[in-house]
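**Student:** Fold the following for me, if possible:
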Amino acid sequence: MNWSEQFPADSKPDPKQIGEFIDSPMWTELIQFLEKNYQIRPNIEYSCCSMARGWNVKYKKAGRAVCTLYPDQGKFTCLVSIGNREADEAEAALSVCTPYVRELYENTKTFQGSRWLMIDVTGEPVLQDVKRLIEIRVRAGQKKKEA
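**Tutor:** Prediction:
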């Protein structure tokens, strides 16, 4: 059974149910990374978006989106938006990213001033890329607050 069938709009999953559905140590590692390093809590929301319909997990810091996580069986997708503030640092970091993330970045068109990277987290190297991009995104948000 797929995610949106198991948890329709009227059946909000809790964090434990989400983790059990995904059943991946990378999910746990990313959640712990976000909560420990940035002291942010998840917000579970329902999306009617046709590209990723269903419940997702959003992380925000100081009102700014950090990432959105889309559950799937055995894996998950992480949306990280790279805007103008993050672009230079993100592009420099791409040299140490996996070929998958580099290609995804290069092939993602700019929309409303940002590249909306939908990254399928299917292995540890991709998870490390996601963490790197999240760090860049959070730092850019902190720089704006300081300015």
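**Student:** As a check, name the ranges of all strands in this structure.
**Tutor:** 43-47, 54-61, 64-72, 75-83, 110-111, 114-121 (DSSP state E).
**Student:** Just want the angle from the last one to strand 64-72.
**Tutor:** Angle between the axes of strand 114-121 and strand 64-72 is 40 degrees (criterion: axes from the mean of the first three to the mean of the last three CA atoms, to 10 degrees).
**Student:** The first one now?
**Tutor:** Using the same axes, to 10 degrees, the inter-axis angle of strand 43-47 relative to strand 64-72 is 70 degrees.
**Student:** Pipe the strands of the chain into a markdown table and attach mean pLDDT and mean neighbour count per row.
**Tutor:** Every C-beta, even on glycine, is put in place using the N, C-alpha and C of the backbone. Putting the strands of the chain into a markdown table (pLDDT from 0 to 100; neighbours: other CB atoms under 10 Å) gives the following:
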| stretch | mean pLDDT | mean neighbour count |
| --- | --- | --- |
| strand 43-47 | 94 | 14 |
| strand 54-61 | 94 | 20 |
| strand 64-72 | 94 | 20 |
| strand 75-83 | 95 | 20 |
| strand 110-111 | 90 | 10 |
| strand 114-121 | 96 | 18 |
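**Student:** Cool, thanks, signing off.
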